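Engineer: Here is my input, please return the structure:
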Amino acid sequence: MRNLLVFFSLFCLPIILMGQKLEDRILSEIDTTIANNIVLKQSFTVNVPIDSVWNAYTTKKGWESWATSIAEVDFKINGRIRTNYNKKGEIGDKNTITLYVVNYIPKKQITLQAKLTKNFPEFMKKDEKDLFNIIHFKEINTSKTEVISYGIGYKNSKKYNSLLKFFIQGNVTSCGNLINYLETGKTSVKY
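Structural biologist: Alright, predicted model coming up:
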């Protein structure tokens, strides 16, 4: 893959953990593929065992502790994760976001595909079948885990390039919430 941009750090959150700004721990990289699609790679290391990270991605309690106000999790191949950022909403209303669990390897990798709602731009809805998020988990040692998220299927166009700025910032906030939740044990959903 050709590297379009070198690693860059984003400065969005004022949280400081272990003498380092939280957002400095999240690296973002944009690459292209041979098919001229864009891959958004975001990675971080968190100071907890891999089991804790895995549970944050695969359970209702996990999702509601860092990602969203309300979650319904049926974690299995061909299962789904349904979320709602509106704490006064409910699963199934118009604000529900559905992520399909395409496949997974326990404590190693998860592949998700979103069902895009009306809140997404039309040009993305046309590409919905091509858009995936692959999350890779690597145990560095018994108390440290690396997480790498690959957003794949974005087209290399002006519309997608503009939209990626929004996704990068939103993902950095979510990753920061996850790191904070895992390392402090305190729910960090800010929705």
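Engineer: okay, CA-based contacts and neighbour counts for the rest of this
Structural biologist: Will do.
Engineer: quick one: residue 31 from residue 95, how far?
Structural biologist: 31 Å (C-alpha to C-alpha, to the nearest Å).
Engineer: Pull up the per-residue confidence for residue 32.
Structural biologist: pLDDT, residue 32: 78.
Engineer: Ramachandran angles for it?
Structural biologist: phi -120, psi 160 (degrees, to the nearest 10).
Engineer: In this structure it contacts residue 39, no?
Structural biologist: Yes. Between residue 32 and residue 39 a contact is recorded at 5.9 Å, counting by C-alpha atoms under 8 Å.
Engineer: helix/strand/coil for residue 52?
Structural biologist: helix (DSSP: H, G, I helix; E, B strand; the rest coil).
Engineer: what's the answer for residue 77, then?
Structural biologist: coil.
Engineer: What separation do you get for the closest residue to it other than its chain neighbours and residue 172?
Structural biologist: With sequence-adjacent residues excluded and distances taken as C-alpha to C-alpha, 6 or more residues apart in numbering, residue 77 is closest to residue 103, at 4.9 Å. Using C-alpha to C-alpha, residue 103 is found at 24 Å from residue 172.
Engineer: Would you map the strands across the chain?
Structural biologist: In the chain, the segments counted as strands under DSSP state E are 8-9, 16-17, 20-21, 27-32, 37-46, 70-74, 80-84, 97-105, 109-115, 132-141, 144-155.
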